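Chemist: what follows is a predicted structure for the sequence shown.
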Amino acid sequence: MHELSIAESIIDIIHQYVATERLCTVRSVTVKVGTFSGVVSDSLEFSYQAIIAGTPLDQSRLSIEQIPFVIECTECSQQSYNEPGMMQCTSCGSVRTKILSGKELQVKDIELDDVVEEQT
């Protein structure tokens, strides 16, 4: 299950961009996952929750943004929303196409709570 190692990488990215003392303020992490990336979203979410249990991140949630598989035909310039891996143009039938989206796997953003400083 490579989703576990992907979840670990997401945690590493959070640690890279969020100071240790602010980890408990992380509310959500949004990840772009292309339908052709080979990632099972439910498994990724389960893995993330398992890793953060009992850590400062345990109140955060993983939000997964599904990116559709889109190709563009180099013959007729039409874009097609195809089933992942189907490289044939739905307009002209050509297989001379290029992938525009659907292979993504990236952390889009990390949302933190505002911290109100206590005055003493």
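Modeler: Nice, thanks for sending it over.
Chemist: all strands of this protein, in order?
Modeler: 26-34, 61-67, 70-73, 79-81, 97-101, 105-112 (DSSP state E).
Chemist: point out where this structure drops to low pLDDT.
Modeler: 1, 115-120 (pLDDT under 70).
Chemist: now with 50?
Modeler: Applying pLDDT under 50 to the chain flags residues 119-120.
Chemist: I'd like to know which elements the lengthiest helix in the chain is packed against.
Modeler: Secondary structure assigned by DSSP state H gives helix 3-17 as the longest helix of the chain. Using 3 or more C-beta pairs under 8 Å, 6 or more residues apart in numbering; DSSP states H and E as the contact test, the elements touching helix 3-17 are strand 26-34, helix 41-52, strand 105-112. Where C-beta positions appear, they are placed from N, C-alpha and C, glycine not excepted.
Chemist: gap between residue 54 and residue 9?
Modeler: According to C-beta to C-beta, to the nearest Å, residue 54 and residue 9 sit 20 Å apart.
Chemist: look at the two and report which has more neighbours.
Modeler: More crowded of residue 54 and residue 9, by other C-beta atoms under 10 Å: residue 9, with 12 against 7.
Chemist: returning to that earlier point: for the longest helix of the chain, buried residues please.
Modeler: For helix 3-17, burial by neighbour count (16 or more other C-beta atoms under 10 Å) applies to 3, 6-7, 10-11, 14.
Chemist: show me what contacts residue 39?
Modeler: 2-3, 6, 33, 105 (C-beta atoms under 8 Å, 6 or more residues apart in numbering).
Chemist: let's go with 6 Å and repeat that
Modeler: Residues counted as contacts of residue 39 (C-beta atoms under 6 Å, 6 or more residues apart in numbering) are residue 33.
Chemist: with residue 63 instead?
Modeler: Here residue 63 is in contact with 28, 30 (C-beta under 6 Å, 6+ apart).
Chemist: residue numbering should commence at 82 henceforth.
Modeler: Fine by me, first position is 82 from now on; the one you just mentioned is residue 144.
Chemist: what sits up against the longest helix of the chain?
Modeler: So helix 84-98 is contacted by 124-125, 128-129, 132, 188 (C-beta under 6 Å, 6+ apart).
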